[in-house]
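Engineer: Pasted the sequence and its predicted model underneath.
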Amino acid sequence: MLFSDARLYQILFLSLFLGVGIVARDWSLHPLMIGALIATCCCVQWIAAIQVSAPFIKSLPSALVTSLGLSLLLRADHVGTLMLAGTLAILSKFCLRVQDKHIFNPGNFGIVAVLTLTQDAWVSPGQWGEEGWYVLLFLSAGGLVLGRIGRWDTSVAFLASYAGLEAVRNLWLGWTWDVWAHRMMSGSLLVFALFMITDPRTVPNARIARIIWAGAIALLTFYLRNFWFISTAPFWALFSLAPLTILLDRMFSGDRFIWHQDALELSEVDMTDELLPVP
Amino acid sequence: MKLFRVLLITCFICLTSFFIAAKAWAFCGFYVAKADTKLYNQASQVAIARNGNRTVLTMANDYQGDVKDFAIVIPVPVVLEENQVQISDPKIVERLDAFSAPRLVEYFDPDPCAPIWRTEDRLMAPQAASAERAASRQSNGALGVTVESQFTVGEYDIVILSARESGGLETWLTQNGYRIPQGARQLLQPYIRQRLKFFVAKVNLEVYETSGYQSLRPIQIIYESPRFMLPIRLGMVNAQTAQDLIVYILSPQGQAEVTNYRTVKVPSDAEVPLYVKEEFSDFYKSMFATAYNREGKNVAFVEYAWDMAGCDPCSAEPLTPDELRQAGAFWVTPETPQNVFLTRMHVRYTRDRFPEDLIFQQTNNRESFQGRYILRHPFTGEPTCSAGQDYQRSLPRVFERQAQTLARLTGWEIQEIRERLPQVQSRFIPWWQHFFQAFLGHG
């Protein structure tokens, strides 16, 4: 492998998606806004790292992943809203934590916070469309990163549960199967499943706990989407159920994780980083 | 002469004229003609005004068949009572259309040798005008069909039905004289199981004949529901070809978009050759078809998104507060007359590319957008300075660029476009001719 840190792959792929989005998907993305968001996340990370005496460089990739994820998913009329989302996302990693785990997924926290607190932000679930080419791109890139992190079971459990629930609904309603396929091919759903819920510092440590956790998020997503008609259902589901990780980690024991093997000794002081499995 | 001064207002458009010419109307329902007349759904216009969960849906009617055959079935989220259904003035939808239609604007190049004017003078906005555009509960236990309410509004007899299964609903409709298109039964079931109700309307001929109206007026329904969708699947039952749907969404927030398909802006702000003025309708149709094919035939196009408080250029006068209220914007008051953001979406859908009904959301995006195409008339006077000569030399390149833009947007043959470009006579005079003219008296 070219990079020892899987987050570098994440950064590479998220940047690639962002580039594809701007060039080919007709998004209302402004480079200035993306730049401001990335700069905000890095600055807040730097200041917060100083406060807790953690090495900034080691946690920089984490801030980049969060800012790129926000750039991909969140839209706002004003750059200040995006900067607020970035600030809250990074701060949530430092302030809302139990031991070495984040209570909320940082990007998800930033999105939900500005959707709730401001009148300026929105998420466009239809922005990727449903083309097979994008599905393959997301699956292969996501598979590569998740293979490195060892957290692919979370995505598989989420997608399988959600696909199963939608299939049952489709069968019960009597829709043709292209309706189901159309729902499952949504690029936004795949980006969420492969790049958002898999953050190792938010998911439970034990595999069985991860499968239960991802299944619960899929169930809540399904419910919010089909019964409350909320188009941004996955974000609200993840936000609501992310704290379950704390409980599940107490119930099921599992390996702790670091992003790179040589950072094992640093993991005690690195207060901001996501973690990878200790081999 | 001012730089970029606008001298003319262009008025045509209507790309939507080809929708009017469509044979029949329907969007989210299907025809259940009472005679054997073959009816096809091809085009329609819908205005949706929504604030929170409160929705006012206006279905404009370009039905071209015999009114006695007109009958539709549309799934609706709640049972509608008589006071939730009304007839709307057809002019309101025409006004929305005219105000938001893609537009052609003209600019006239100034004399490049004239003195330069201040910036604020140059910013004078071009103006354009758009072209024409613009309860009693009865239960039938055996069939599982309940008549939730039944009333006459304007020229329409309306029945709101709920059903337990599609076979019963089909039987009820058939027994009551409606003709169900083949294949509709399977499509009714998902709506029944989602607990949607069915809005069934036909024309009350007595009322219609005494009303003196020449065409059927739009039906407006008012309801409160978290569902923000248009059930297009039923409308495809008796559709032979791709159907065009224009949706006007009025919101107090900002732009609306489709959440389960991509929402894409229609190509805009393109400078095209002057002759497009004579055939703007063909141009827009070809351009739309090219964009539709390029985007994979499964996107919703935004043709206009703007706060109703203004427009630049205006293709028609903005709607008055009274007109906005008639269009369904119930939150508009005399104190806040302009609190309406209008999004115009154009969806061309077919069964294979649009398996799901359209689901919308309102966003806080207040960015303005319009489909706008620019004609630029060159300055044709004699150049009296070197800047003028440079300007003349640049014209062939400008025309070529316009031709390539047009070819790219429409897929038209570049050679045919080039043949129709204006011919520029170069009036460039070499320096030695000046010399001869000045000193030798001949040129």
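Structural biologist: Looks like it arrived, so ask away.

Engineer: what's the residue lying closest to A:S253 once chain neighbours are set aside in contact with, if anything?
Structural biologist: Counting by CB to CB, 6 or more residues apart in numbering or on different chains, A:S253 lies nearest to A:A206, which is 6.2 Å off, once chain neighbours are set aside. C-betas here are computed from N, CA, C, even on glycine. Taking CB atoms under 8 Å, 6 or more residues apart in numbering or on different chains as the criterion, A:A206 is in contact with A:L248, A:D249, A:F252, A:S253, A:G254.

Engineer: Who are the packing partners of the lowest-mean-pLDDT helix or strand in chain A?
Structural biologist: Scoring the helices and strands of chain A by mean pLDDT, DSSP states H and E places helix A:132-149 at the bottom, with a mean of 76. Packing partners of helix A:132-149 (3 or more CB pairs under 8 Å, 6 or more residues apart in numbering or on different chains; DSSP states H and E): helix A:6-24, helix A:152-173, helix A:187-191.

Engineer: buried stuff in that helix?
Structural biologist: Of the residues in helix A:132-149, A:Y134, A:V135, A:L137, A:F138, A:A141, A:G142, A:L144, A:V145, A:L146, A:R148, A:I149 count as buried by neighbour count, 16 or more other CB atoms under 10 Å in any protein chain shown.

Engineer: likewise stretch B:284-291?
Structural biologist: Of the residues in stretch B:284-291, those buried (16+ other CB under 10 Å) are B:Y284, B:S286, B:M287, B:F288, B:T290, B:A291.

Engineer: wait, is the first one part of a helix?
Structural biologist: Read it as B:Y284. Yes: counting by DSSP: H, G, I helix; E, B strand; the rest coil, B:Y284 is part of a helix.

Engineer: Show the pLDDT at it.
Structural biologist: For B:Y284, the model assigns a pLDDT of 90.

Engineer: How about the fourth one?
Structural biologist: The per-residue pLDDT reported for B:F288 equals 93.

Engineer: if we take the contacts of A:A206, which one ends up nearest to B:Y107?
Structural biologist: A:L248 (64.8 Å; CB to CB).

Engineer: Please verify my assumption that the closest one contacts A:G215.
Structural biologist: No: checked against CB atoms under 8 Å, the pair A:L248 and A:G215 is beyond contact range at 11.6 Å.

Engineer: Look up how far A:L73 lies from A:T87.
Structural biologist: Separation of A:T87 from A:L73 (CB to CB, to the nearest Å): 16 Å.

Engineer: Double-check B:E224 against B:R54; I have them as touching.
Structural biologist: Yes: under the criterion of CB under 8 Å, B:E224 makes contact with B:R54 at 5.1 Å.

Engineer: out of those two, which sits in the more crowded spot?
Structural biologist: More neighbours surround B:R54 than the other of B:E224 and B:R54, with 14 against 11 (other CB atoms under 10 Å in any protein chain shown).

Engineer: tell me the contacts of that one?
Structural biologist: B:I222, B:Y223, B:E224, B:F330.

Engineer: Quick check: which element contains the first one?
Structural biologist: Assigned by DSSP states H and E, B:I222 belongs to strand B:219-224.

Engineer: Tell me the one of the buried residues of stretch B:284-291 nearest B:P112?
Structural biologist: B:M287 (30.6 Å).
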